[in-house]
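Colleague: below is the sequence, then the predicted model.
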Amino acid sequence: MWELDVLQWFDSVHGTILDSVMVGITYSATSGLVWFALGFLMTCSSRWRRCGVSVIVSVIAAYVIVDLVIKPIVCRERPFDVSDFSLLVPAPDSWSFPSGHTASAFAGATAVLIHSRRWGCVAMAYAVLVGVSRLYLCVHWPTDVIAGALVGMAVAFLAVWFMSRWIPYFRGLEWNGALL
């Protein structure tokens, strides 16, 4: 299975400075806390308020869809349950598919990208690092991370689209010159 090969490669490079970096990235994304903090700070500025609300709503929606709906339906085992990997973090006790860390990271980053291309690119780079950290730590299969990224992006687009249609404060929101 190609996914096992990918994770075995990541497991083989453990023991470098990347261990601390990847653990730090994963912990920074736990429970979407970095996104809630960023969203709250954005809401304190009238210029960034819509973006902040979009980030918070997108991350909450991603959590509900991934952790409360999809994971309990799919019930996919984590890689360390199937093969012997050296874990650098405590073993998560939830199901594997899709990656909740990655979904919330991509939901938050996509919400930022819709409002600001420049800061959205920075946020997307962070989201990619979150996904890679989940692979590096051998707590998710590659398809878990890919699915988490896709779900997170879709949720953010839908959340911002919904808000632009149904919430007066968000009406007239543009993304790259096109009304949402």
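Modeller: Perfect, thanks for sending it. Residues are numbered from 1 along each chain as shown.

Colleague: run through this structure and note the low-pLDDT ranges.
Modeller: Across the chain, residues meeting the criterion (pLDDT under 70) sit at 170-180.

Colleague: mind listing the helices for it?
Modeller: For the chain, the helices defined by DSSP state H occupy 2-12, 18-28, 33-43, 49-63, 71-74, 79-82, 100-115, 117-136, 142-166.

Colleague: so what's the residue nearest the centre of the chain up against?
Modeller: What sits nearest the mean C-alpha location of the chain, by Cα atoms, centre = their mean, is Ala105, with 2.4 Å. Residues near Ala105 by Cβ atoms under 8 Å, 6 or more residues apart in numbering: Ala29, Trp35, Tyr126, Ala127, Val130, Gly131, Gly152. C-beta coordinates here come from the backbone N, C-alpha and C atoms, glycine included.

Colleague: farthest-apart pair in those, please.
Modeller: Greatest spatial distance among these (Cβ to Cβ): Trp35 and Gly131, at 14.5 Å.

Colleague: roughly how far does Trp9 sit from Thr16?
Modeller: Separation of Trp9 from Thr16 (Cβ to Cβ, to the nearest Å) stands at 13 Å.
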